[in-house]
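*Asks:* Let me see the structure of the following:
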Amino acid sequence: MSGLLIWGASSQARLLLQYADVADGMPLFLFDASREKPAFQTRGEFTSEVNRLPAIIAQASHFMIAIGGEHGLARTQIYDHLRDAGLSPVSVVHSTAHIEDTSSIGDHHHVFLGARVHHFVKIGDCAILNTASVIDHECELGRGVHVMGGAQLAGRVSVGDFASIGTNATILPDIRIGQCAYVGAGAVVTRDVPDFAVVAGNPAKIIGTQSPKPDQALAQIGKAKGSR
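*Replies:* Predicted coordinates for the structure are as follows:
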């Protein structure tokens, strides 16, 4: 029987397993290069060794990526790698969440308790919409976007690939959040946010910049292939 691979073994992985019906009865594999063991008790086979990944991928048919925060680039890189290997992504939507029929959302999305997506919204692959987040009408979110708990995006907001919107942040209408940008918790964004900028406060101001964070395990796999 083919199995389910969960990339990441933090508490987020534990949460995703509560929603993943496909996991019932399937062999379970967990990989996390940053941990010595999972953050929770699990029946799954765990490894932190990158050199074991090819064998695990060969035993899996489905996958989930349990990596949030500002790691949207890493999440989408892993997604692309596992899809290319023939695995199927598993999306989860909590029963209390609501996505309007006029809206579209890409593969491998995680939509948690009480999240709301209003009419004519477009959301890319690998999105995370946390508890009670609100995406209002005609917003467009790129790949790997993470909208954290209680954050609210007003109408026609545009969010670039791999950007993160912090807990309880508010984005006013017609604002553009740039690629890889990070909006701090509780921020009120009243003007466009440039690519890679970190903003915070009310009204939000630029307090720094950040660089994209590629997945280190995939980088090691790439180096190993290049050395052959």
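*Asks:* So, low pLDDT: which residues of this structure?
*Replies:* Residue ranges of the chain with pLDDT under 70: 1, 21-24, 222-228.
*Asks:* Would you mind finding the longest helix in it?
*Replies:* helix 72-84 (DSSP state H).
*Asks:* which other residues reach that one?
*Replies:* 5, 7, 57, 63, 65, 67-68, 89, 107-108, 125-126, 143-146, 161-164, 180, 212-215, 218, 221 (CB atoms under 8 Å, 6 or more residues apart in numbering). In short, each C-beta sits where N, CA and C put it, glycine included.
*Asks:* Check stretch 19-39 too.
*Replies:* 1-11, 13-14, 17, 42-50, 52-53, 56, 59-60, 62, 64, 90, 92-94, 216-217.
*Asks:* ok, of the residues you listed, which come out buried?
*Replies:* 3-10, 13-14, 17, 42, 44, 46-48, 50, 53, 56, 60, 62, 64, 90, 92-94, 217 (16 or more other CB atoms under 10 Å).
*Asks:* returning to that earlier point: mind checking which of the contacts of stretch 19-39 land in helices?
*Replies:* Using DSSP H, the contacts of stretch 19-39 in helices are Ser11, Ala13, Arg14, Leu17, Leu53, Ile56, Gln59, Gln216, Ala217.
*Asks:* Now for those: which two are most distant?
*Replies:* Pairwise distances across these (CB to CB) peak at 24.7 Å, for the pair Ser11 and Gln59.
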